[in-house]
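1. Prediction below, plus the sequence it came from.
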Amino acid sequence: MNIKQASEQSGVSAPNIRFYEKEGLLTPARRQGNDYRDYTAGDVRTLKLIRMLRMLDVPLPTIKAVLCGEQPLQQALQAQQTVLEQQAAQLAAAMQFCADLARQQPQADTLDVDACLTRMESPTPQQGFFSGWLQDYCTLARVQHQKHFFFIPQGSINTPQEFTAALQTYAEERGMQFALTKKGMYPEFSLDGIPYKAYRNPGKYRDEICCDTVHPEQLDTGLPSRREKLLRIARIVLPPVCVFAAIMAAGWAVTGGTDWLWLAALASGGVLLGRCFEKWL
């Protein structure tokens, strides 16, 4: 089909089709004799996919990486979700600022512009501070889990077939798409398009399956580097602090004193040591 027909079927304008071709997102075949472009049904589907991703405001370089197979679609969508969430938070703050300012019935000649700019340029809005940090913490935890996770299968793992079955069961229980790329006791596979390598950690009573992503550098939280660093520290420190506080509260309620201080310190130290080993090993 010609470019006009491809435009009608895909909903993408002819100038945009030519632009996508120039950017390397689409490479239609050429007709013999006149060298005109000959678009196929596959090209139309590609144009529809590009159109869908552009409607989600996905950048062209990311779309190109998805089409070339350099980046899984699921990973690109997760990254864009993070970007859109940040934009939504900024828009919500702007809407709230407009509403607050409008209620004051301001006048252009008497408005304290400096105070308004100071409030608008504040990196952390006063409203929603803790909810914003909590949301970013959840984002970091989700990405960290995608980079490395482990689970305990039902029964021991002694053969490649049992290893594959355990991985497939894990994926099915969580509604994830599983694809095995390499069999063995060190299998390679993908979950929702993210490639992983797995190995068995034998235990006294049960085996443990550990999975590491092949390309951890491609899994980005989308958070500012300083904020992400602080959240990583909090992810290590918070569990032992919570354990310490919980044991101290329970001990105080039972004994009415600080007799449990040593137990709380010992337990929280153990949790902290475990989180550090989890981080560095």
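-> Sure thing, it's come through. Numbering: from 1, shown residues only.
2. domain ranges for the chain?
-> 3-67, 77-130, 142-218, 225-280 (automatic domain parsing).
3. I'd like the average pLDDT over the last one.
-> Averaged over domain 225-280, pLDDT sits at 62.
4. Parallel or antiparallel, which strands does the host helix or strand of residue 180 pair with?
-> Per DSSP states H and E, residue 180 falls inside strand 178-182. In the sheet, strand 178-182 lines up against strand 188-191 (antiparallel) (DSSP bridges).
5. Identify all contacting residues around the partner strand.
-> For strand 188-191, contacts defined as C-beta atoms under 8 Å, 6 or more residues apart in numbering pick out 72, 167, 171, 176-182, 195-198, 214. From N, CA and C alone the C-beta is placed, and that goes for glycine too.
6. Of the domains of the chain, which is nearest residue 136?
-> domain 225-280 (6.1 Å; C-beta to C-beta).
7. Include distance to residue 136 and mean neighbour count when you put the domains of the chain into CSV, please.
-> Converted to CSV, these look like this (distance: least, C-beta to C-beta, whole Å; neighbours: other C-beta atoms under 10 Å):
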stretch, distance to residue 136, mean neighbour count
domain 3-67, 20, 15
domain 77-130, 9, 12
domain 142-218, 11, 15
domain 225-280, 6, 14
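8. worst average pLDDT in those domains?
-> Looking at the domains of the chain, the bottom one is domain 225-280 with a mean of 62.
9. how about the helices in the protein?
-> Assigned by DSSP state H, the chain shows helices spanning 3-10, 14-22, 41-55, 60-67, 73-103, 113-120, 129-147, 160-173, 225-255, 261-280.
10. Any idea which of those helices gets closest to residue 208?
-> Of the helices of the chain, nearest to residue 208 by C-beta to C-beta is helix 160-173, at 10.7 Å.
11. and the lengthiest strand in the chain, which strands flank it?
-> When the chain is parsed with DSSP state E, its longest strand is strand 194-201. With DSSP bridges as the test, strand 194-201 is paired with strand 188-191 (antiparallel), strand 208-213 (antiparallel).
12. okay, these in CSV with distance to residue 22 next?
-> Below are those laid out as CSV (distance: least, C-beta to C-beta, whole Å):
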stretch, distance to residue 22
strand 188-191, 32
strand 208-213, 34
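13. Quick one: closest of these to residue 100.
-> Of the strands paired with strand 194-201, the one closest to residue 100 (C-beta to C-beta) turns out to be strand 208-213, at 43.9 Å.
14. how many neighbours does the nearest residue to residue 83 once chain neighbours are set aside have?
-> Closest residue to residue 83 apart from its sequence neighbours, by C-beta to C-beta, 6 or more residues apart in numbering: residue 222 at 6.0 Å. Residue 222: 16 surrounding residues under other C-beta atoms under 10 Å.
15. do the same with residue 76
-> Using other C-beta under 10 Å, residue 76 has 20 other residues around it.
16. so how far is residue 146 from it?
-> 14 Å (C-beta to C-beta, to the nearest Å).
17. Same check on residue 74?
-> 10 Å.
18. what touches both of the two?
-> Between them, residue 74 and residue 146 share these contacting residues under C-beta under 8 Å, 6+ apart: residue 194.
19. wait, residue 234 sits on residue 137?
-> Yes: between residue 234 and residue 137 there is a contact under C-beta atoms under 8 Å: 6.9 Å.
20. In TSV, list the helices of the chain along with distance to residue 209.
-> What follows is these, written out as TSV (distance: least, C-beta to C-beta, whole Å):
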stretch	distance to residue 209
helix 3-10	43
helix 14-22	42
helix 41-55	34
helix 60-67	29
helix 73-103	21
helix 113-120	50
helix 129-147	14
helix 160-173	6
helix 225-255	23
helix 261-280	16
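21. Of these, which is nearest residue 28?
-> helix 41-55 (5.3 Å).
22. how far out from the middle of the chain is that closest one?
-> 24 Å (C-alpha atoms, centre = their mean, to the nearest Å).
23. what comes into contact with it?
-> 1, 6, 9-12, 17, 20, 25-26, 28, 62-63, 66-67, 76.
24. Next one: the closest residue in space to residue 37 that isn't next to it in sequence from residue 18, what distance?
-> Leaving aside its sequence neighbours, residue 37 sits nearest to residue 28 (C-beta to C-beta, 6+ apart; 4.6 Å). For residue 28, the distance to residue 18 (C-beta to C-beta) stands at 10 Å.
25. if we can go back for a sec, any common contacting residues for residue 76 and residue 146?
-> With C-beta under 8 Å, 6+ apart, residue 76 and residue 146 have no common neighbours.
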